[in-house]
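Chemist: would you be able to build a 3D model of this:
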Amino acid sequence: MKRIQPRWQLSALSCALLTFMSPTWAADSITNTITDSAPEQTAPVQTLATLKFKATPATVKDPDISAVAKTIVTREEMLQFGDQSVNDALRRAAGFQMPTPGQGPRGGGGASGMRFRGGGAPVFLINGEAVQGGPRGGMSVVDSITPDMIERIEITKQPSVAQASVASSAVINIILKQPLDHARISGTVRAGYGLAKSDQKEEQRKNISVQADGRDNAWLYSLSANQMWNDTTSITQTQNSTETREQKRVTERKSQMVSPRVEYELDDQQKLVAELFYRNNESNGVRGDQFQHDKNDSIRLNTRYERKDKGNSDKIRLSVEQQNETESTRSPSFSSYTDETVNEYGIAYDGVRKFNQNRQLKFGADARTNQLDSNVSQSLDEQLYALYAEGSWKFTDRQTVTLGARQEWIERSGLVDYSDSHLSPVLAHRFDLDDHWSLQTNISQAFRSPKADRLLPTVSISTDSDAGRLNNPDRGGNPNLRPEKITAFESTLGYNTPSGGINITAFQREIDDYIEKVIRQEGTRFVERPENQNNATTYGVEIAGRYALKQTENGHSFMLNGQLSTVRAKVEDANHQERMVSDVAPYTASAGLSYNYQPWRISTSVNLNYVPEFTRALDNQPYDRTSNERVNMDISFTKRFNDGWATSLNARNIFSTDYKERLSNQSDGSLYESRVNQAIPSVLISLEKKF
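Modeler: Numbering: from 1, shown residues only. The predicted structure is shown next:
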């Protein structure tokens, strides 16, 4: 591959962004929007025999005066609504298209299958440290984290140089739980069992988790551990012009994670933190005469020094991680084995200086190196370096401007010989029209280099009777990928009160060298690989609303939330032919209702998701692919008892529609082939004990 020398020149937009400020649109806030100008709210605390709930205010005062909006999902909210996973909490945050377990050959049920406003998956952080899945997109640490481990979730849905989210425009930072009191030891033990069975479909789920923490003078410590088992028997139906076949697949999955954490408070302003994540995921699948065995092991150590003095802070982070992922596929006619290992080391510094109530500066540096070894391809060595600075100025009582830039360098060798550097500027402006109305604008330019796992040519073999066909291709990487160049504009008009509000967001992104998953025939099988397209444009409007009735004198409280997210994603190829991106729905809609009655200590929630039917042309193929209309409903119910006992009932995929894909000939609309993945409704019963 051609070696590209580092470039320092700025585009016209880069220069404009560094010298020019535009009018604004509003901060996007579903739960809490953090701004310095927002009035501080104090909510009453209701005390139960076993649990404390604090009503969540609409706005929270924070020393951060950045014009880049931040949304907070609190621990209290997750407990009130009976959330069982990070995905449950994120359903109430607009812009996220949640995956449905088991639906579609290319989709996943965990965080790795999530999409943000029709684009790629958001960036996940744990206490500010980036986390990832396996070398080729394995299960993420995030999928193993339970709400018992979480203090709050911070969501930044606009470009920010401080969090390396310039290109993705969405960062989800999971802040782990601090000990709730000064007890030497306290925590929660939870066990669950779920079963779903209908005709030939069956799913059995079991899990057990422990969260324990405490304090001893200057020492803070915690231990989180969970073990999950998920056994599924599913049916896939495939059809072409001559025959219809049904294929039964039996899959056994198990996952475990252990996460000890310790802090030592040097004084009121300084502390040392060390946290370890060990996880193991294993899956065994049988489909006819084909056997699939996948395994992922990883261990990650994060250590950091933190100093906080009012609005000023310093943080030094050191991290090391090792991951190993294997895939084995065996059948009478085919056999493959892949073994890949990633070793990563990182060091970073983040600083904040608040000069007064109206001016602040964020700055930092990041350096990390990793090596990916594979038994089927060359090793890939990668070094990443970054410097950033972001200043915010509140120049009137109601207006704030934030200007930042991030300079990144990347060096790759081995499988790919590549060197490049990029400057990414961001400009944001917020205007609070009054105590409720706000306008916010964000404009940015960024470069997104392909992740290492997308460069590996390794092919993962698909399963089912139509494996290796257009509707269910094998999957692999592409060592010739070029970085995307993204110019983004986003505006939000918001009306927010302590009881709720509504936010309307418009966004547009122009992407050169857009990376799309493209299906090509290789030998006798079809393989899906990422490829650069000439240009892409994505734009849309998102409407999100929320209304919360705070607890009445009789103990009633509820929250109603809903969103409608539209997105148009168009690709222009090298021949200047335009088409819609093949796997992005034109819009998604969701609604949720949560209710809590404190005298009885019960909480319930109902969430409904909808995706319409849509048809898109496949790149370089004479076929159109149609995905069916899909509806999915989740219901949860929690009842708390004395002495720290509680029980929960969670129904997933209730009234869900099957996932159907149909390939039609563009010439006459006739059927080429189709597949149906049957949805499996399930019920999970959990028992919890606090100590």
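
Chemist: what's the separation between the closest residue to residue 437 other than its chain neighbours and residue 312?
Modeler: Excluding its sequence neighbours, the residue lying closest to residue 437 (Cβ to Cβ, 6 or more residues apart in numbering) is residue 495, at 5.5 Å. The way it works is simple: take the backbone N, C-alpha and C, and place the C-beta from them, glycine included. Per Cβ to Cβ, to the nearest Å, residue 495 is found 34 Å from residue 312.

Chemist: can you give me the helices in the stretch 51-200 of the chain?
Modeler: 75-80, 86-90 (DSSP state H, counting those that start in this stretch).

Chemist: got the ones you listed as a markdown table, with mean neighbour count and mean pLDDT columns?
Modeler: Converted to a markdown table, the helices of the stretch 51-200 of the chain look like this (neighbours: other Cβ atoms under 10 Å; pLDDT from 0 to 100):
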| stretch | mean neighbour count | mean pLDDT |
| --- | --- | --- |
| helix 75-80 | 21 | 78 |
| helix 86-90 | 22 | 79 |
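
Chemist: for those helices, which one sits closest to residue 354?
Modeler: helix 75-80 (26.3 Å; Cβ to Cβ).

Chemist: ok so, going back, my read: the residue nearest to residue 437 touches residue 434, true?
Modeler: No. When contacts are counted by Cβ atoms under 8 Å, residue 495 is not listed as touching residue 434 (9.8 Å).

Chemist: okay, these two: which has more neighbours?
Modeler: Taking neighbours as other Cβ atoms under 10 Å, residue 495 and residue 434 compare with residue 495 leading, 16 against 8.

Chemist: who's that one bridged to?
Modeler: residue 437, residue 502 (DSSP bridges).

Chemist: what does residue 683 give?
Modeler: residue 195, residue 651.

Chemist: what residues are up against the residue sitting furthest away from the middle of the chain?
Modeler: Centroid-distance maximum for the chain: residue 242 at 41.0 Å, with Cα atoms, centre = their mean. Listed by Cβ atoms under 8 Å, 6 or more residues apart in numbering, the contact set of residue 242 is empty.

Chemist: and it, what element?
Modeler: Using DSSP states H and E, residue 242 falls within no helix or strand.

Chemist: can you check the one 10 residues further on too?
Modeler: When secondary structure is defined using DSSP H and E, the element that contains residue 252 is strand 244-265.

Chemist: go on, residue 633?
Modeler: According to DSSP H and E, residue 633 maps onto strand 630-640.

Chemist: list the buried residues in stretch 427-447.
Modeler: For stretch 427-447, burial by neighbour count (16 or more other Cβ atoms under 10 Å) applies to 427-432, 438-447.

Chemist: before we move on, back to that, pLDDT on the strand holding residue 252, on average?
Modeler: Summarised as a single mean, pLDDT over strand 244-265 is 88.

Chemist: likewise stretch 91-100?
Modeler: Mean pLDDT, computed over stretch 91-100, is 64.

Chemist: check what pLDDT the residue most central in space within the chain gets.
Modeler: Centroid-nearest residue in the chain: residue 122, 4.4 Å away (criterion: Cα atoms, centre = their mean). You'll see residue 122 listed with a pLDDT of 78.

Chemist: and for residue 591?
Modeler: In this model, residue 591 carries a pLDDT of 90.

Chemist: cool, and residue 137?
Modeler: pLDDT, residue 137: 49.

Chemist: now swap in residue 36 and tell me
Modeler: 38.

Chemist: same check on residue 615?
Modeler: On the pLDDT scale, residue 615 gets 93.

Chemist: tell me the strands beside the helix or strand containing it, with direction?
Modeler: If you go by DSSP H and E, residue 615 is part of strand 614-617. Strand 614-617 has its sheet partners listed here by DSSP bridges as strand 623-627 (antiparallel).

Chemist: ok, and what's touching the partner strand?
Modeler: 470-471, 582-583, 585, 611, 613-618, 659-666, 672.

Chemist: what is the distance between that strand and the centre of its chain?
Modeler: Remark: strand 623-627 is offset 27 Å from the chain centroid, using Cα atoms, centre = their mean, to the nearest Å.

Chemist: now do stretch 299-319
Modeler: 23 Å.

Chemist: show the average pLDDT along it.
Modeler: For stretch 299-319, mean pLDDT is 93.

Chemist: contacts for that stretch?
Modeler: Identification of contacts with stretch 299-319 by Cβ under 8 Å, 6+ apart yields 63, 126-129, 131, 141, 269-278, 320-322, 344-354, 360, 368.

Chemist: pLDDT weak spots in the protein?
Modeler: Residues of the chain meeting the criterion pLDDT under 70: 1-63, 81-82, 92-120, 132-141, 163-169, 180-182, 198-200, 465.

Chemist: returning to what we had before: pull up the pairing partners for the helix or strand just after the strand holding residue 252, direction included.
Modeler: Remark: after strand 244-265, the chain's next helix or strand is strand 270-287, criterion DSSP H and E. Counting by DSSP bridges, the strands paired with strand 270-287 are strand 244-265 (antiparallel), strand 290-309 (antiparallel).

Chemist: circling back: right, and the residue nearest to the centre of the chain touches residue 170 too?
Modeler: Yes. Counting by Cβ under 8 Å, residue 122 touches residue 170, with 3.7 Å between them.

Chemist: quick one, what contacts residue 250?
Modeler: 231, 232, 233, 285, 286, 287.

Chemist: what bridges to the second one?
Modeler: Think residue 232. residue 203, residue 251.

Chemist: for burial, what's the neighbour tally of it?
Modeler: Going by other Cβ under 10 Å, the residues that sit close to residue 232 add up to 20.

Chemist: ok, the last one next?
Modeler: Using other Cβ under 10 Å as the criterion, residue 287 is surrounded by 19 other residues.

Chemist: give me every residue that touches it.
Modeler: 247, 248, 249, 250, 463, 464, 465.

Chemist: and the furthest pair within these?
Modeler: Using Cβ to Cβ, those reach their maximum pairwise distance at 250 and 465, which is 14.3 Å.

Chemist: neighbours of residue 514, just the number please.
Modeler: Neighbours of residue 514 (other Cβ under 10 Å): 23.

Chemist: and the closest residue to it other than its chain neighbours, how many neighbours?
Modeler: Distances taken as Cβ to Cβ, 6+ apart place residue 536 nearest to residue 514, at 3.4 Å, with adjacent residues excluded. Per other Cβ under 10 Å, the neighbour tally for residue 536 reads 23.

Chemist: assign residue 536 to helix, strand or coil.
Modeler: The three-state assignment at residue 536 reads strand, by DSSP: H, G, I helix; E, B strand; the rest coil.

Chemist: my read is residue 599 is in a helix, agree?
Modeler: Yes. Counting by three-state DSSP, residue 599 is found in a helix.

Chemist: so it sits against residue 555, correct?
Modeler: Yes. Residue 599 is in contact with residue 555 according to Cβ under 8 Å; the separation is 4.5 Å.

Chemist: comparing the two, which residue is more hemmed in?
Modeler: residue 555 (13 against 9).

Chemist: contact partners for that one?
Modeler: By Cβ under 8 Å, 6+ apart, the residues touching residue 555 are 597, 598, 599, 600.

Chemist: now list the buried members of those residues.
Modeler: Among the contacts of residue 555, the ones that count as buried by 16+ other Cβ under 10 Å are residue 598.

Chemist: and the contacts of residue 555, which two are the farthest apart?
Modeler: Based on Cβ to Cβ, the longest span within these runs between 598 and 600 and measures 7.5 Å.

Chemist: buried residues in stretch 471-485?
Modeler: By 16+ other Cβ under 10 Å, the buried positions in stretch 471-485 come out as 471-479, 481, 483-485.
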